[in-house]
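**Q** coords please:
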Amino acid sequence: MAEGPDDTVFEDCQFLTGSPQRFAVLAQLRERPARPTDLCDAVDATRTTIQRILAGFSERQWVVKRDGEYRLTVTGHRVLDQYSALMSEVERARVVGPLAAHLGSIAADLPAELLDPDCLTTSSEQNPLAAIDRFTDWLHEVDGDVRAISPIVTSVFNDVAVDLLETGTHIEFIIDHSVLERSASDFADALDRGIEHENIDTYVHDTPLDIGLALDRSRVCLAAYDDRNNVRAIAESDATAVYSWAETVFDRYRARSQPLESVLSVQENKQ
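**A** Okay, here's the model as predicted:
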C-alpha cells in the first residue's frame, strides 16, 4: 500500500483550510508585507484572530517577521499558489458537475476544453430547460452537414431536423433501440423520414446510448443526460482538439451501429 502524507502534513492542510481568513491573510501578504493592524482592516478580522493566524503561519515557516512586518517565504508563496489552484479546481468541479456526473464511458478521455465553465450550459431547478433550450439553439445555428448521437427522441429535435433537411443539410444520425421503439410508436412520420429522405442516414447502436453529441462543420456540442434522459448540461467548443476527439467518438459509435433499414428488416423478418 502506498504511503500517504504524515499526520503533520494533514494538520498543516487543516490549519490553512480552517477559515477563509487564513487564505485571505496569505493572499494579502503576497501583495505586500504588512503589519497585523493592516491585515485586520484588509481581512476584516480581529487583531487576536490575525495574531493567531500569523503565529500558525510562522510556526510552519510560511511567513517571517522582519522590521515589524510579516512577509511570505518562498514556501509560503508555493503553498498559496497550490491552494489557489485547488480552490479553482474545486470551483470548476462544482460548476461542471452536472456535465461530469452523466458522461458515461467517454469521460475517461474527455478534452479539458469541454470542462471549461465558460462553454457550459446547465439546467437547474430555477431553469430546468436551460440545457435543452441551448442545445436546440445550437442545432438551429448549424453550419454545414451534421453528425449526431442521441439517446432520446423529442418533437423539438424532430422539428429541427426537418428545418435542416429543408436547407439541404446532410445528417448522419445515431440512435439506440429505445429511441427506435419510441419513434415507431410516437413519431412515425419522423421515422419514415429517417428511412426515405436522401439527406439523412440513420444508424441504430447495438447498446443503449448515454450521451448526446453533435458536430457541424467546425463546432461540437456535447450533451449529458440523467437517468430519466433529461438533458442536464451541454458543453460547446470549436477547439481543434475537441473537434478531432468528437469525430473519433462519433466514428466509434457508428462502427457499433447498423443502418436503420437493416435493423427494421431484421425486425420484420422476426415477426
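
**Q** Now for the nearest residue to His102 once chain neighbours are set aside: which residues touch it?
**A** Nearest residue to His102, sequence neighbours excluded (CB to CB, 6 or more residues apart in numbering): Ala224, at 3.8 Å. All C-beta spots, glycine's among them, are computed from the backbone N, C-alpha and C. The contact partners of Ala224, taken as CB atoms under 8 Å, 6 or more residues apart in numbering, are 98-103, 211-212, 231-234.

**Q** Tell me the one of those nearest Ser257?
**A** Ranked by distance to Ser257 (CB to CB), the contacts of Ala224 are led by Ile211 at 13.9 Å.

**Q** circling back: how distant is the helix or strand hosting the residue nearest to His102 from the center of its chain?
**A** Assigning secondary structure by DSSP states H and E places Ala224 in strand 220-225. Centre-to-centre, strand 220-225 and its host chain are 9 Å apart (CA atoms, centre = their mean, to the nearest Å).

**Q** What residues sit buried inside the helix ranked longest in the chain?
**A** For the chain, the helix with the greatest residue count under DSSP state H is helix 74-100. By 16 or more other CB atoms under 10 Å, the buried positions in helix 74-100 come out as 76, 79-80, 83, 95-96, 98-100.

**Q** Against which helices or strands is it packed?
**A** Counting contacts by 3 or more CB pairs under 8 Å, 6 or more residues apart in numbering; DSSP states H and E, helix 74-100 packs against helix 7-17, helix 20-31, strand 120-122, strand 220-225, strand 231-237.

**Q** which one of those lies closest to Ser262?
**A** strand 220-225 (26.1 Å).

**Q** picking up where we left off before, quick one: the helices and strands packed on helix 74-100 as CSV, columns for mean pLDDT and distance to Ser58 too.
**A** Shown next, in CSV, are the helices and strands packed on helix 74-100 (pLDDT from 0 to 100; distance: least, CB to CB, whole Å):
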stretch, mean pLDDT, distance to Ser58
helix 7-17, 91, 12
helix 20-31, 95, 12
strand 120-122, 93, 42
strand 220-225, 93, 47
strand 231-237, 93, 45
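
**Q** between those, which gets nearest to Tyr243?
**A** strand 220-225 (5.7 Å).

**Q** still on that earlier bit, now the angle between strand 220-225 and the longest helix of the chain, please.
**A** Helix 74-100 runs at 70 degrees relative to strand 220-225, counting by axes from the mean of the first three to the mean of the last three CA atoms, to 10 degrees.

**Q** per-residue confidence averaged over helix 74-100?
**A** For helix 74-100, mean pLDDT is 92.

**Q** One more: stretch 252-262?
**A** Computed over stretch 252-262, the average pLDDT equals 94.

**Q** Adjust the sequence numbering to begin at 400 for everything that follows.
**A** That works, and once the first residue is 400, the last one we named lands at stretch 651-661.

**Q** returning to that earlier point: out of the buried residues of helix 473-499, the closest to Val662 would be?
**A** Leu498 (30.4 Å).

**Q** which ones are touching that closest one?
**A** By CB under 8 Å, 6+ apart, the neighbours of Leu498 are 513-514, 519, 521, 621, 623, 631-634.

**Q** What of Leu563?
**A** 538, 541, 545, 570.

**Q** closest to Ser418 among these?
**A** Using CB to CB, those come closest to Ser418 at Leu538, 47.4 Å.

**Q** From the rest of the structure, what touches stretch 414-433?
**A** Here stretch 414-433 makes contact (CB under 8 Å, 6+ apart) with 437-438, 441-444, 448-449, 452-453, 455-456, 459, 461-462, 465, 468-471, 475-476, 478-479, 482-483, 486.

**Q** how long is it from one end to the other?
**A** 21 Å (CA to CA, to the nearest Å).

**Q** and the gap between the residue of the chain most remote from its centre and Glu635?
**A** Within the chain, the residue lying farthest from the chain centre (CA atoms, centre = their mean) is Asp466, at 48.6 Å. Using CB to CB, to the nearest Å, we find Asp466 at a distance of 53 Å from Glu635.

**Q** what's the answer for Glu565, then?
**A** 24 Å.
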